[in-house]
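Trainee: Please work out how this folds:
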Amino acid sequence: MAVSLKVGEESFVFLKSDFREDQLSSTYLIYNVFRDMYTHIRVEIIGEILSNKISLEKESRNQLIKDIGVLKQDLEYIDSQFNEDILKEQSPKWIEDKWKELIGEIVNRNSDFKLYERIKMKYNL
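Mentor: Numbering: from 1, shown residues only. Reported below is the predicted structural model:
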């Protein structure tokens, strides 16, 4: 999951100049949300697993499983809404607006998820 997020972030970083040509749109929110998700996985999920090499308490283990499940489900949803065929046919402004709408929907659907609480505040969603 972390690798996919890093690739997604880098893809939109590379598209930054194309979006800038449109002068109405930006990839900023797109690649930063990917980066936030990636950091969450690397620091909070993988960090928690590595810091408890011998065993995780049942409650911690269940929370990690839940967190991974939420991220997996949301990434699959993003993929279904933002597949390559859809992106090829749309303008940068449409992509940016759709992303804001999509991330707002995900954040509101999982309002108790720590990562999404931070994303909501950070990007004013």
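Trainee: Now do the strands in this structure.
Mentor: Using DSSP state E, no strands are found in the chain.
Trainee: Tell me where the model's unsure across it.
Mentor: Along the chain, segments meeting pLDDT under 70 span 53-56.
Trainee: Check it for its longest helix and report it.
Mentor: helix 58-81 (DSSP state H).
Trainee: helices or strands next to that helix in the packing?
Mentor: Applying 3 or more Cβ pairs under 8 Å, 6 or more residues apart in numbering; DSSP states H and E, one finds that helix 58-81 contacts helix 46-51, helix 92-109. (Each C-beta comes from the backbone N, C-alpha and C, glycine too.)
Trainee: okay, these, which one's buried deepest?
Mentor: helix 92-109 (a mean of 16; mean count of other Cβ atoms under 10 Å).
Trainee: tally of neighbours for residue 42?
Mentor: 13 (other Cβ atoms under 10 Å).
Trainee: how near is it to residue 102?
Mentor: 23 Å (Cβ to Cβ, to the nearest Å).
Trainee: List the contacts of the residue nearest in space to the middle of the chain.
Mentor: Centroid-nearest residue in the chain, with Cα atoms, centre = their mean: residue 34, separated by 4.0 Å. The contact partners of residue 34, by Cβ atoms under 8 Å, 6 or more residues apart in numbering, come to 5, 6, 8, 9, 12.
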